[in-house]
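*Asks:* Can you look at this prediction? I've put the sequence above it.
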Amino acid sequence: MTAEFDAADRPLLEVEDLQIELMTEAGIVRAVDGVSFVIRQGETVTIIGESGSGKSTTAMGILRLLPPELAVLSGTARFQGVDVIADPRAVREVRGRTVSLIPQDPMTALSPVHTIGQQLREAVRLRHRGLSRAETVARSVDLLARMHIPDPASQLGKYPHQLSGGMLQRVLIAIALAGSPVLLVADEPTSALDVTVQAGILGLLLEVQENIGIGILMITHDIGVARLVSDRIHVMKDGRFVESGEAEQIVNAPRDPYTRKLLAAVPRLGPWDEDGESPDAPVALGEPR
Amino acid sequence: MTATTVGPADGSGSGDTAAPAARPSAVTAKDLARSGAVRRRKSARLKIWIGSVGVALVVLPVALAGVLPIPGPDEQSLSLRRLPPLTGGHLFGTDQLGRDLLSRVLHGGQVSLTVGVLAIVVSGIIGLIAGAAAGFFGGWVDTVVSRLLEAQLSLPLLLMLLLVVALFGPSIPVITFVIAFAQWPEVARLTRSLVLVEREKPYVAAARVLGLHRITTLLRHVLPNVVKQASLVILLLLAQAVLLESALSYLGAGPQRPFATWGRIIADGQDYITTSWWLVTLPGLVIVLLVVGVNLLGDGLRDRARRRKGPQTEGKVSRA
Amino acid sequence: MVRYVAQRVGQSILAIFLTVSTVFVLVRLAPGDPAAAYASPLATTAELDRIRAQFGLDKPLIQQYGIFVQDLFHGNLGTSFSFQAPALDVVLSRMPYTIMLAVSAILFAAVVAIPAGVWMARHADTARELGANVAMIAGQSMPEFWSGIMLLTIFAVLVPVLPASGFTSWAGLVLPTVTVGILQIALISRLVRREMGAGFAAPYLTIARARGISERGLTWRYALGNSAVPLVTALGTRFAAMLNGVVVVEVVFAWPGVGSLVVRALETRDYPLIQATVLVTAILTVLVQLLIDLTYPLLDPRVRLGKAVAS
């Protein structure tokens, strides 16, 4: 599991003035309205925003996973120099090799009628052609082991519906790494998981990043996740970045009012309040304040 | 997401406030024309148009058969036997007994269409009631209806219909009932699944809290929401009813009075196919035109309804 | 999986039971003397009395039902008076021809319709697909007896390439198969198009695409692989519906199967023969559907292995 970094040290991902318009039944919707960002080796860049801000669309858009009959992309998005907006066909070389996707809902992310092993080995074979069956099996088992999946060899024969969400997400990360990518796009990788499992997945991602130096584009709506993994954060609203900066600065000293609202939206534990005396207590209908 | 324009791009940007300069849209007219949304809208409209024309071309003349300036369907004329179309004032030609074929087709069509419409009304009512009851009340009602639906899936339908006609005679009520029997499962199945979805919606619970009797809730609130979609399927069943009726009458089990229907006309003309091709081809084309029209119309209406429900895009685009 | 099998078998038994009961009830509900229905139109009063005694038609309904079911188990479905032979034997002698036609039609239809449906799904919402759609709608709008007569006239009479009727050589199978096949192709291809469309919209497909899997791999392995299950079950229900077309087509081409048998029996009022045909065909259809449904666990691991979640 190695990453083939660029000798010329070009950024892993360079997005400039990306604009994504969707031709929907209700008219043209501008989901992404001019965003720019860069990701370099070993960095984790997070795009944080609420639902509908355009963050997932950005991720799917640069991977050209939006249906061409729906989305029109403009601007530039370069993966180690390859601009996939100028040349849509080039993305096929990039997907699975230079960059891999980690999806949001692990339960629906794999084909239900194929085994884990079949899908993992397929990903291995895509990158490393000419391997014998035994070699692909060995690599697959190795990948699963690095994801700290217990008894990896026996998992190969199982079907997706037989594994829990957390295990499936680890399998998906393994599949993503099978192609030896230099960049991972993680689209809300923990949103569909239980809280107790989330930390494990995030920890795994950080561990992988430390071991092989890949870059991570993290998409999330969760401040906690952003705080934990990011080097730099972009706050997205209505298709634009309202604030960008180093993780520490955004979290501790946000400048934009929207960012501040976003950070403040974490429920705080106040004093225990049975008698309604705290100023934060809700007022019953009809009673004077 | 910023909805900056509604409708085709004008290239000049948005009507949106804020400081950053409005960016021009990159959506070209060509993109738009090729977009899924526009294509689907166009194809739905085309289907509805062509379908309506096809249906009208058949239904209107049939409905007006009595007043059109054509000979009666039973007027025989031994000297004018088997005339080809467009001779002697006979648009469709004449059959082996000298009867005007167009007149036979139109008058027979009145019976065929009456049977078809009656059948879908009957199957529609039975299917709606059974499906709604099964979906809404659940329990043993649902079990019974569902088992009946499943069992009927494996019945050799045409054979059973022939059996019934053999026993009870080929009268219009019998044929209507028999076709309705063939069709109620499809209506019931759809209604049931629609009602199952409606049942979970908040207004049903609200109605119960307000003290409304369950049957009232079903009849006055749930059913109207469901009827529109169900009636689309019922419309499409008209095509199937016409085909089934014509098959029955071809086999000799169709209504004989007051007029022979389309299947029978084709069966009568079968022996003369090589010398008088129009006796079989033209009535068949009328059936095809009607059924294609109904199918296209129903398809187009269904496409349009599906679009209104909301676009389904790949992946998770709709989230952010 | 055991539960699934048990459920399906139970359903099949219920379906057969309902058909048998319906047939039983129908003849007793019909106007006229049931004995006259079972006897030939030329029966004497003595024969009518004998038949009445044989089927217990003067006994209470429950007992009659018992006799009916018992006769069924013993393979006694009455005597066809137009053939002067046990009805069951007559039906069984002609059933293989019907099965031959049905199987040949469904194979022909599947071979054409599945690639056609996949093609339509890949080119969804294009002008080409709209054209294909309209062609399929035309295909399902033609009455089978009519398209049969047309095909027969063109290919057997005007351009005598193929035999017009009967089953004298294998070539005689072609036109009936194509006639039945047209409607099935139209319906099956639209079904495949729908299922594949749903398959293409599934999340795992987008994510597989993100892995760099080729479009061809996505179509055939992922989309079609996952559509196999609903497709197969749909094909099972098609079988019963297809029999309607087979009956009519047999008449058009004088194909020696049970369809043309029934129509002849209608003309001669040979009720025992009609009843026997209905019962045998119903049982056959139920069995075919049961067999097809039992392949379901083979195709869908979720049914085969149950929904246990291990960790």
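*Replies:* Received, thanks. Treat the numbers as computed from the prediction; the structure is a model and nothing was measured. Numbering: from 1, shown residues only, chains lettered A, B, ... in the order given.
*Asks:* Give me the phi and psi for residue A:67.
*Replies:* phi -60, psi 130 (degrees, to the nearest 10).
*Asks:* is it true that it touches residue B:36?
*Replies:* Yes - contact criterion C-beta atoms under 8 Å: residue A:67 and residue B:36 qualify, at 6.8 Å. (C-beta placed from N, C-alpha, C; glycine too.)
*Asks:* Could you report the neighbour count for residue A:242?
*Replies:* A count of nearby residues for residue A:242, using other C-beta atoms under 10 Å in any protein chain shown, gives 18.
*Asks:* Surely it forms part of a helix?
*Replies:* No - counting by DSSP: H, G, I helix; E, B strand; the rest coil, residue A:242 is not part of a helix but strand.
*Asks:* Report the contact partners of it.
*Replies:* By C-beta atoms under 8 Å, 6 or more residues apart in numbering or on different chains, residue A:242 lies in contact with A:235, A:236, A:256, A:258, A:259.
*Asks:* where along the chain do the helices fall?
*Replies:* Using chain A here. A:55-62, A:91-94, A:116-127, A:133-146, A:152-155, A:165-178, A:195-212, A:223-229, A:247-252, A:257-264 (DSSP state H).
*Asks:* wrong one, chain B
*Replies:* B:29-34, B:36-63, B:101-137, B:139-153, B:157-168, B:172-199, B:202-209, B:214-216, B:223-250, B:262-269, B:278-309.
*Asks:* Which elements pack onto the fourth one?
*Replies:* Judged by 3 or more C-beta pairs under 8 Å, 6 or more residues apart in numbering or on different chains; DSSP states H and E, the packing partners of helix B:139-153 are helix B:101-137, helix B:172-199, helix C:2-29.
*Asks:* With adjacent residues omitted, what lies nearest to residue B:159?
*Replies:* Distances taken as C-beta to C-beta, 6 or more residues apart in numbering or on different chains put residue C:278 closest to residue B:159, at 4.9 Å, once the chain neighbours are dropped.
*Asks:* Please confirm that residue C:237 is located within a helix.
*Replies:* Yes - counting by three-state DSSP, residue C:237 falls inside a helix.
*Asks:* how deep is it tucked in, by neighbour count?
*Replies:* Residue C:237: 14 neighbours (other C-beta under 10 Å).
*Asks:* Residue C:289 is in contact with that one, correct?
*Replies:* Yes - look at residue C:237 against residue C:289 with C-beta under 8 Å: they come within range, at 7.1 Å.
*Asks:* So for the two, which residues contact both of them?
*Replies:* Joint contacts of residue C:237 and residue C:289 (C-beta under 8 Å, 6+ apart) are residue B:153.
*Asks:* Name the residues of the stretch 151-300 of chain B found near chain A, please.
*Replies:* By C-beta under 8 Å from any C-beta of the partner chain, no part of the stretch 151-300 of chain B sits against chain A.
*Asks:* How about the residues of chain A by chain C?
*Replies:* Checking chain A against chain C by C-beta under 8 Å from any C-beta, the hits are A:60, A:63, A:65, A:69, A:92, A:95-97, A:100-101, A:103, A:105, A:108-115, A:122-123, A:126, A:158-159, A:161-164, A:166-167, A:172, A:175-176, A:179.
*Asks:* So which of those reach chain B?
*Replies:* A:60, A:65, A:69.
*Asks:* Save those residues as CSV, and put in neighbour count and pLDDT too.
*Replies:* Converted to CSV, these look like this (neighbours: other C-beta atoms under 10 Å in any protein chain shown; pLDDT from 0 to 100):
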residue, neighbour count, pLDDT
A:60, 27, 92
A:65, 22, 92
A:69, 18, 86
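*Asks:* Tell me which of the helices of chain A sits most buried.
*Replies:* Counting by mean count of other C-beta atoms under 10 Å in any protein chain shown, helix A:55-62 has the highest mean neighbour count of these, with a mean of 27.
*Asks:* which residue is nearest the centroid of chain B?
*Replies:* residue B:236 (1.8 Å; C-alpha atoms, centre = their mean).
*Asks:* What separation is there between it and residue A:185?
*Replies:* 44 Å (C-beta to C-beta, to the nearest Å).
*Asks:* bridging residues for residue A:184?
*Replies:* residue A:100, residue A:216 (DSSP bridges).
*Asks:* Next up, the contacts around it.
*Replies:* Counted by C-beta under 8 Å, 6+ apart, residue A:184 has contacts A:99, A:100, A:101, A:102, A:176, A:177, A:205, A:208, A:214, A:215, A:216, A:217.
*Asks:* If we use 7 Å, what do you get?
*Replies:* A:100, A:102, A:176, A:214, A:216 (C-beta atoms under 7 Å, 6 or more residues apart in numbering or on different chains).
*Asks:* Residue B:172 now?
*Replies:* B:115, B:255.
*Asks:* ok, now with 6 Å
*Replies:* Under the criterion of C-beta atoms under 6 Å, 6 or more residues apart in numbering or on different chains, the neighbours of residue B:172 are residue B:255.
*Asks:* State the pLDDT value of it.
*Replies:* Residue B:172 is assigned a predicted lDDT (pLDDT) of 88.
*Asks:* before we move on, what about residue C:176?
*Replies:* Reported pLDDT for residue C:176: 91.
*Asks:* Would you check that it makes contact with residue C:252?
*Replies:* No - counting by C-beta atoms under 6 Å, residue C:176 sits too far from residue C:252 to count as a contact (7.8 Å).
*Asks:* the more surrounded of the two?
*Replies:* residue C:176 (29 against 25).
*Asks:* re earlier: run through the residues that contact the residue nearest to residue B:159.
*Replies:* B:159, B:160, B:163, C:23.
*Asks:* Could I have the buried ones of the residues you listed as ChimeraX selection syntax?
*Replies:* Applied in ChimeraX, the following selects the buried portion of those according to 16 or more other C-beta atoms under 10 Å in any protein chain shown:
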select /B:159,160,163 /C:23
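*Asks:* before we move on, back to that, including distance to residue B:295, could the contacts of residue A:184 go into JSON lines?
*Replies:* Below are these laid out as JSON lines (distance: C-beta to C-beta, whole Å):
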{"residue": "A:100", "distance to residue B:295": "45"}
{"residue": "A:102", "distance to residue B:295": "45"}
{"residue": "A:176", "distance to residue B:295": "46"}
{"residue": "A:214", "distance to residue B:295": "54"}
{"residue": "A:216", "distance to residue B:295": "52"}
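*Asks:* related to what we said a few turns ago, of the ones next to chain B among the residues of chain A next to chain C, which is the nearest to chain B?
*Replies:* Of all these, residue A:69 has the smallest distance to chain B: 3.7 Å, by C-beta to the nearest C-beta.
*Asks:* Could you find the closest non-adjacent residue to the closest one?
*Replies:* residue B:36 is the one closest to residue A:69 (C-beta to C-beta, 6+ apart), at 3.7 Å.
*Asks:* and that neighbour, how many residues sit next to it?
*Replies:* 19.
*Asks:* Counting neighbours, which bits of the one helix or strand residue C:275 maps to end up buried?
*Replies:* Here residue C:275 is covered by helix C:271-294, with elements defined by DSSP states H and E. For helix C:271-294, a neighbour-count test (16+ other C-beta under 10 Å) marks C:271-286, C:288-290, C:292-293 as buried.
*Asks:* nearest residue to the residue nearest the centre of chain A other than its sequence neighbours?
*Replies:* A centroid search over chain A (C-alpha atoms, centre = their mean) returns residue A:186, at 1.5 Å, as the residue closest to the centre. Sequence neighbours aside, residue A:102 is the residue nearest to residue A:186 in space, at 4.4 Å (criterion: C-beta to C-beta, 6+ apart).
*Asks:* Got the confidence number for that neighbour?
*Replies:* pLDDT at residue A:102 comes out at 92.
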